[in-house]
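Undergrad: based on what follows, work out the 3D shape:
(2 chains)
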There are 2 protein chains.
Amino acid sequence: MEEANNEKESPYISSILPGWFSEISPLWPGEAHSLKVEKILFQGKSDYQNVMVFQSSTYGKVLILDGVIQLTERDECAYQEMITHLPLCSILNPRKVLVIGGGDGGVLREVSRHSSVEQIDICEIDKMVIDVSKQFFPNVAIGYEDPRVKLHVGDGVAFLKNVPEGTYDAVIVDSSDPIGPAQELFEKPFFESVARALRPGGVVCTQAESIWLHMHIIEDIVANCRQIFKGSINYAWTTVPTYPSGVIGFMVCSTEGPAVDFKNPINPIDADDSHTKTRGPLKFYNSEIHSASFCLPSFAKRVIESKGK
Amino acid sequence: MEEANNEKESPYISSILPGWFSEISPLWPGEAHSLKVEKILFQGKSDYQNVMVFQSSTYGKVLILDGVIQLTERDECAYQEMITHLPLCSILNPRKVLVIGGGDGGVLREVSRHSSVEQIDICEIDKMVIDVSKQFFPNVAIGYEDPRVKLHVGDGVAFLKNVPEGTYDAVIVDSSDPIGPAQELFEKPFFESVARALRPGGVVCTQAESIWLHMHIIEDIVANCRQIFKGSINYAWTTVPTYPSGVIGFMVCSTEGPAVDFKNPINPIDADDSHTKTRGPLKFYNSEIHSASFCLPSFAKRVIESKGK
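TA: Below you'll find the predicted structure:
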């Protein structure tokens, strides 16, 4: 791992306000969110992407991959808690869970709150993300400390192909945007592998972009999922201030088998606080916001509900 | 009104990236949202604030007051529809409605969808905002074309003092942030005047900042409202990408009298589409998102529900 180097210029810092990080991408043209940088803590280039960590002045430490904010200490709770508990609180007694991506460990931290879970596999392609998270984000990477976690460093697409059919109760796809190493995680063959790896009535939750910015990507995801998953197909969203447009969505589906009613959680993690001793209390998720997250603005509802029907 | 002047430098443009507007404020230190500017259409200084309009490259035209984004053509629907229909869809047959602020006319446009309404008073302090909206945002300022609208240019605090007790079924406070001309609209004497102006069981909805950024301001608003409004006291929120942190909240309260259950709307505007002919369809609001908007993340729920109890 490279040493932190404050002297080295980052292309993401120097191009904008001096002393500020700005997030500019063709995925959200014409707008940029900027955070004031106190200190650059790490810059490196892995086999897959540019990795940067900085101390921001008001959002705590920030993890950047290829110029895009992945998490800040201040608001990571919203994303990690929602992408995890939306699927896991929708089924009784999840036992085997697979996380694709999620190298920072935040989803692992949330999965490990569920006492019914016996096995947590994670397949992250980029070891540098794991190492950086363990070094700079101990409250996120704490997820790796759970003895139920088994880490596989490698390609999630390849990993899934070798999983015996019907292995998992839940699969969580914590990917970056569909430009770069995560591109395949938004394509149909990947969703087919996920469906195969799930037991009947198993659930998947994938990061599914912003209703304000990416309705064309979301339309494709929904259409693919309607073809592949034969149970429930739902889109949920939540607020994450440091993600573009301030929201992030989740595609939440189940396979054929026992019916899953995602909008009415039956496995309330917030009713039991045994998990809070080591991991702290839930900051964001509760059963009401779980149900509310499936209510869509009319412009998004019209597109999503009509797609693929 | 001043002419548009592309040569003149704006303090909000020049301080940042050339060709980008950046929103920097002590109300959200350490972060800034930026929009790419195609053309500055208007810059002026009223008696109250700096007013600017520009054509952005991806959010349509944008209205800026004192360096803060008030609306963009792309996402104004979320704010205008929610701040209006949250109160008006919670009571049967609203007849008399008062709007404080809201000079752009967007809230008027939404109020005028309600066929039961007979009288719509608006008190906006800054005539330049009204004129600029009529010139550059015809789809927003269209609200002024309704013959039920009566415009009062002046101070909302003073206007309310002269309103006979119990006049209105609903008051909507569409204010800017509590720095500048809107400061008094967040203070206790103003809320007392609003309560006085409402009939028993009347409703108020006020712009109430961001749960991510302004919990200290929200705490004060909630504590004040619990003392002053003797009916229901609720906090709701929604997504607006171009507002800081990507969310905006609403304080929704009722006076003593017939009970109001804000979480279960009884006057569904989305069930009737007679209003869509002249004003276009609702883009954002529906009854499900109305109810969902009252579900709060745990960190906000703990503070808001405990406050003043």
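
Undergrad: okay, whatever residue of the stretch 101-250 of chain A ends up closest to chain B and B:S90: tell me how far apart.
TA: Closest to chain B within the stretch 101-250 of chain A is A:G246: 1.4 Å, counting by Cβ to the nearest Cβ. Every C-beta, even on glycine, is put in place using the N, C-alpha and C of the backbone. A:G246 is 26 Å from B:S90, where distance means Cβ to Cβ, to the nearest Å.

Undergrad: start to end distance for stretch A:110-122?
TA: Using Cα to Cα, to the nearest Å, one end of stretch A:110-122 lies 13 Å from the other.

Undergrad: please state the offset of that stretch from the chain centre?
TA: 16 Å (Cα atoms, centre = their mean, to the nearest Å).

Undergrad: mind listing what's buried along that stretch?
TA: A:110-114, A:117, A:120-122 (16 or more other Cβ atoms under 10 Å in any protein chain shown).

Undergrad: now do stretch A:161-178
TA: Within stretch A:161-178, the residues that count as buried by 16+ other Cβ under 10 Å are A:163, A:167-178.

Undergrad: which of those fall in strands?
TA: Using DSSP state E, A:168-174 are the members of the buried residues of stretch A:161-178 that sit in strands.

Undergrad: of all the residues you listed, which two lie farthest apart?
TA: Using Cβ to Cβ, these span at most 16.9 Å, a distance reached by A:D169 and A:D174.

Undergrad: okay but A:G67 is in contact with A:P26, surely?
TA: No: look at A:G67 against A:P26 with Cβ atoms under 8 Å: they stay out of range, at 11.0 Å.

Undergrad: which residue is nearest the centroid of chain A?
TA: Per Cα atoms, centre = their mean, the C-alpha nearest to the average position across chain A is that of A:D174, at 3.0 Å.

Undergrad: and the pLDDT for that one?
TA: For A:D174, the pLDDT comes out at 96.

Undergrad: ditto for A:E187
TA: With respect to pLDDT, A:E187 has a value of 88.

Undergrad: ok, A:K230 next?
TA: We note a pLDDT of 95 for A:K230 in this prediction.

Undergrad: close to chain B, is the lengthiest strand in chain A?
TA: Using DSSP E to define each element, chain A has its longest strand at strand A:31-45. Yes: against chain B, strand A:31-45 shows contacts by Cβ under 8 Å from any Cβ of the partner chain at A:31-36.

Undergrad: ok, now which ones touch A:S56?
TA: Counting by Cβ atoms under 8 Å, 6 or more residues apart in numbering or on different chains, A:S56 makes contact with A:21, A:35-38, A:62, A:72, B:30.

Undergrad: are any of the residues you listed buried, and which?
TA: Burial by neighbour count, 16+ other Cβ under 10 Å: within the contacts of A:S56 this picks out A:21, A:35-37, A:62, A:72.

Undergrad: hmm, back to that, quick one: the buried residues of stretch A:161-178 as TSV, columns for distance to A:V303 too.
TA: Formatted as TSV, the buried residues of stretch A:161-178 follow (distance: Cβ to Cβ, whole Å):
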residue	distance to A:V303
A:V163	32
A:T167	33
A:Y168	30
A:D169	30
A:A170	27
A:V171	25
A:I172	25
A:V173	21
A:D174	24
A:S175	22
A:S176	24
A:D177	20
A:P178	18
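
Undergrad: so where's chain A uncertain?
TA: Applying pLDDT under 70 to chain A flags the ranges A:1-17, A:308-309.

Undergrad: going by distance to chain B, which of the buried ones among the contacts of A:S56 wins?
TA: When those are compared against chain B (criterion: Cβ to the nearest Cβ), the nearest one is A:K36, at 4.2 Å.

Undergrad: these two touch, right, the closest one and A:V62?
TA: No: counting by Cβ under 8 Å, A:K36 does not reach A:V62; the two are 10.5 Å apart.

Undergrad: can you pick out the most distant pair from the buried residues of stretch A:110-122?
TA: The most widely separated members of the buried residues of stretch A:110-122, counting by Cβ to Cβ, are A:R113 and A:D121 (17.0 Å).

Undergrad: near chain B, which residues of the stretch 201-309 of chain A? Just list them.
TA: Applying Cβ under 8 Å from any Cβ, we find that the stretch 201-309 of chain A lies next to chain B at A:212-213, A:237, A:239-241, A:243, A:245-247, A:270, A:281-286, A:288-289, A:291-293, A:295-299, A:301.

Undergrad: out of those residues, list just those in helices.
TA: The helices, defined by DSSP state H, take in A:288-289, A:291-292, A:298-299, A:301 from those.

Undergrad: check the residues you listed and tell me the two furthest apart.
TA: Spatial extent of these (Cβ to Cβ) is set by the pair A:E288 and A:F299 at 23.8 Å.

Undergrad: surely A:E184 is in contact with A:V157?
TA: Yes: between A:E184 and A:V157 a contact is recorded at 5.2 Å, counting by Cβ under 8 Å.

Undergrad: any common contacting residues for these two?
TA: A:F190.

Undergrad: and A:G246 and B:S90? Which one has more around it.
TA: Remark: of A:G246 and B:S90, A:G246 carries more neighbours, 28 against 24, as counted by other Cβ atoms under 10 Å in any protein chain shown.

Undergrad: quick one, what contacts that one?
TA: Here A:G246 is in contact with A:239-240, B:239-241, B:243, B:245-247 (Cβ under 8 Å, 6+ apart).

Undergrad: ok, the closest residue to A:P26 other than its chain neighbours - contacts?
TA: Using Cβ to Cβ, 6 or more residues apart in numbering or on different chains and skipping residues adjacent in sequence, the residue nearest A:P26 is A:I179, 7.5 Å away. With contacts defined as Cβ under 8 Å, 6+ apart, the neighbours of A:I179 are A:25-27.

Undergrad: secondary structure class for A:L71?
TA: Three-state call for A:L71 (DSSP: H, G, I helix; E, B strand; the rest coil): strand.
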